[in-house]
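> task: produce atomic coordinates for the following.
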Amino acid sequence: MKALVYTATNEVIHREEPDPILGSGESLMKVEASGICGSDMHAYHGKDPRRVPPLILGHEVAGTVVSGEGEGERMVINPLITCGRCPFCDTGRSNLCPDRELIGMRLAGAYADLVAIPSINLIPIPETLDSVRASLAEPTATALHALNLAMQASRRPLAELRTLVIGGGAIGLLAALLLKGYGCKSLVVSEPHTMRRESVSRHAGCKVHDPINDPALETDAFDLVIDAVGGGVTRKGAMAAVSPGGIFVHIGLMDSGEGLDIRKLTLFEVSLLGVYCYTAADMRAAVNAIAEGMLGDLDWIETRPLSEGARAFDDLHNGNSAAAKIILIP
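Next comes the predicted model:
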């Protein structure tokens, strides 16, 4: 099969690779769409020690099962493989399973013609949903999971909260779209990239902020702050913006350095929520949200052939694409 292989820092190569060999309880999917995630870019930049080249990246995937359970059906993959037996799996928090694995991390991922996956990780796609839009289920589930945690921590409905989203990439934009769907009227997305900022304004219909050139956002002003970047600079901005008694949701994994104001966190009783991935229920809910049009027409997606994946990674690296999500098509 053909695959896009991460071979070295800032290098991916489209080349021939052996077909996957199915293990017990696994199915084989013919990949029809696979999105480029920020974590894939993190690996591409040589900043993820868990992803060691040579490796087929990619975990945002939809396609048709060609062998194993579900043969002939169009499916989305839940790329998070868990044990199903530990206390976390038993209580519906499978994303915290100590034995979890993710395709495209140590296991071969979905930037390929074919990918193997445990059959239990397959989620059917409604007939009305095409594979390109369906491949957004994984990042949508991440945004959904973050908002679900925020709902649990908030004493008021999300629609009533003054909300700031930091980062206008896929997770930030999807969070903004979901928040608008929940009725949130006071919403700002902060994003330094001009083209992405314009895309967020157009598709989410919310206020946007340029953190480099615009005046600084008001301090202590936002009931809910979502950091979809996760860098020292964005954590610092989030801590400055969050209000007393507010909620700071940390999704991004850019680095684990400075930026967290522990004194403010304590004195203002700010709720800090770490977010990792999603549950199986979040994945199913994400498929339904996309199919039901909750995220709009999704015309901010850009598709490219898998064979041109190296150019796609290079364009994202150099900021030459306005798209919050580039999806590769084998």
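> show me the longest helix that occurs in the chain.
Criterion DSSP state H: the longest helix present in the chain is helix 137-153.
> could you give the mean pLDDT of that one?
Averaging pLDDT along helix 137-153 gives 97.
> given the helix or strand following that helix, what are its sheet partners and their directions?
Downstream of helix 137-153, the first helix or strand assigned by DSSP states H and E is strand 163-166. Note on strand 163-166: by DSSP bridges, its sheet partners are strand 187-190 (parallel), strand 222-227 (parallel).
> just the endpoints, please. Distance across stretch 226-240?
Chord length of stretch 226-240, first to last residue, is 13 Å (C-alpha to C-alpha, to the nearest Å).
> check what contacts it and list those residues.
Contacts with stretch 226-240, where a contact means C-beta atoms under 8 Å, 6 or more residues apart in numbering, come from 146, 150, 163-167, 169, 171-172, 175, 190, 211, 216-217, 219-220, 225, 248-255, 257-261, 264-265, 270. (C-beta placed from N, C-alpha, C; glycine too.)
> on that earlier part again, of all the strands paired with strand 163-166, which lies closest to residue 45?
strand 222-227 (19.3 Å; C-beta to C-beta).
> gap between residue 262 and residue 106?
For residue 262, the distance to residue 106 under the criterion C-beta to C-beta, to the nearest Å works out to 33 Å.
> I should have written residue 160 there, sorry.
Counting by C-beta to C-beta, the gap from residue 160 to residue 106 is 43 Å.
> more neighbours: which of these two?
A direct count of neighbours by other C-beta atoms under 10 Å for residue 160 and residue 106 places residue 160 higher, at 15 against 12.
> so residue 63 sits in a helix?
No: with DSSP: H, G, I helix; E, B strand; the rest coil as the criterion, residue 63 is located in strand rather than a helix.
> next up, the contacts around it.
29, 30, 31, 32, 33, 74, 75, 77, 115, 131.
> mind checking pLDDT for it?
98.
> cool, residue 109 as well?
97.
> so what's it up against?
Residue 109 touches 34, 55, 56, 57, 58, 59, 61, 79, 103, 115, counting by C-beta under 8 Å, 6+ apart.
> can you tell me how far it is from residue 308?
With C-beta to C-beta as the criterion, residue 109 and residue 308 are 18 Å apart.
> next: residue 89.
Counting by C-beta to C-beta, the gap from residue 89 to residue 308 is 39 Å.
> between those two, who's got more neighbours?
Legend: neighbour count by other C-beta under 10 Å for residue 89 and residue 308, higher for residue 89 (20 against 14).
> moving C-terminal from the helix or strand hosting the more buried one, which element do we reach first?
Using DSSP H and E, residue 89 sits within helix 87-90. Downstream of helix 87-90, the next assigned helix or strand under DSSP H and E is strand 101-102.
> check the offset of that next one from the chain's centre.
15 Å (C-alpha atoms, centre = their mean, to the nearest Å).
> sheet-wise, list the partners of it with their directions.
Strand 101-102 pairs in its sheet with strand 80-81 (antiparallel), by DSSP bridges.
> perfect, I'm done here.
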